[in-house]
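Engineer: Below is the structure, and that's it, no one-letter string:
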């Protein structure tokens with residue numbers, strides 16, 4: 001039997017929507033698993049053999065779902081029940097029609113690169129996870145400037161004084177990185193985007209790097225003056241001398257695109273271009 005999984009955020013409205021989508025898929029021969037996700041990823045879940053993932057919620061729900069689905073190569077379609085909806089492109093009213101298109105084998109699929117993150121402290125390397133959007137090192141207290149040494153492919157790149165740094169995937173280029181002045185990168189591009197946050201030296205600018213680069217951030221600020229955040233959902237305080245290493249993941253996130261809207265239409269709508 002064909003198998004599908006529905007990821008949803010925990011709200012009464014979304015639970016009702018999930019019930020309707022579950023019935024829709026079961027009527028078409030699917031065995032359906034329903035998983036509630038939060039900022040903490042589900043552990044011990046196997047999606048081996050699943051061929052479709054439906055995310056009902058906002059972009060945060062999608063990011064948490066992607067960390068699970070990418071482990072098993074399950075392609076996702078996002079149904080928007082959040083606020084912004086860059087990743088959850090499909091409205092709830094469009095969902096049956098879009099799902100029908102996908103089930104007929106006519107869905108447009110795209111692969112998005114992800115990033116692996118490691119924390120090196122006291123000579124010990126700790127794996128932090130795989131992420132779809134970004135890794136952020138930011139100041140953790142008021143009126144304190146962070147000091148971070150940045151290296152790319154083991155070569156010194158820049159010394160940053162400011163509010164912090166962002167390393168984003170193309171998917172994450174329209175998230176925090178965009179708010180910090182970074183460029184919009186087409187989502188299936190194979191690049192990484194380095195963006196300083198409010199740098200003290202105004203000539204420090206965003207840099208687009210090849211995706212095969214490994215980027216390291218050495219914390220020179222005092223203990224707990226910096227905070228590491230990944231996809232806006234996982235985080236930890238950093239100590240002086242910590243190194244955060246980020247590189248392209250071996251995993252990808254497979255996404256079913258809206259069958260009618262292209263990326264530029266989504267940008268025009270979400271960013272209100274021309275309004």
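Structural biologist: Now that the structure is in, tell me what you want to look at. Computed from a predicted model, the values in this text were never measured in an experiment.
Engineer: C-terminal to the host helix or strand of residue 33, what's the next element?
Structural biologist: Following DSSP states H and E, the helix or strand that holds residue 33 is strand 30-36. Going down the chain from strand 30-36, the next helix or strand is strand 52-57, by DSSP H and E.
Engineer: So which elements touch that next one?
Structural biologist: On a contact count with 3 or more CB pairs under 8 Å, 6 or more residues apart in numbering; DSSP states H and E, strand 52-57 meets strand 2-8, helix 12-26, helix 59-69, strand 76-80, helix 95-103. (Glycine included, C-beta is placed from N, CA and C.)
Engineer: by how many degrees do that strand and helix 12-26 diverge?
Structural biologist: On the basis of axes from the mean of the first three to the mean of the last three CA atoms, to 10 degrees, strand 52-57 is oriented at 160 degrees to helix 12-26.
Engineer: before we move on, the earlier item: hmm, who's touching the strand holding residue 33?
Structural biologist: Contacts of strand 30-36 with the rest of the structure, by CB atoms under 8 Å, 6 or more residues apart in numbering, involve 1-10, 18, 22, 25-26, 42, 45, 47, 50, 52, 68.
Engineer: Turn the helices and strands packed on strand 52-57 into TSV, including mean pLDDT.
Structural biologist: Shown next, in TSV, are these (pLDDT from 0 to 100):
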stretch	mean pLDDT
strand 2-8	96
helix 12-26	93
helix 59-69	94
strand 76-80	96
helix 95-103	96
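Engineer: do you know how far residue 74 is from residue 204?
Structural biologist: Distance of residue 74 to residue 204, computed by CB to CB, to the nearest Å: 39 Å.
Engineer: So between those two, which is more surrounded?
Structural biologist: Remark: of residue 74 and residue 204, residue 74 carries more neighbours, 23 against 20, as counted by other CB atoms under 10 Å.
Engineer: hang on, isn't the more buried one packed against residue 50?
Structural biologist: Yes: assessed by CB atoms under 8 Å, residue 74 is found in contact with residue 50 at 4.9 Å.
Engineer: Give the residues shared as contacts by these two.
Structural biologist: Joint contacts of residue 74 and residue 50 (CB under 8 Å, 6+ apart) are residue 5.
Engineer: sorry, back to before: each with direction, which strands does the strand holding residue 33 pair with?
Structural biologist: strand 2-8 (parallel) (DSSP bridges).
Engineer: ok, and what's touching the partner strand?
Structural biologist: Contacts of strand 2-8 (CB under 8 Å, 6+ apart): 14-15, 17-18, 21-22, 25, 29-37, 47, 49-57, 61-62, 64-65, 68-69, 74, 76.
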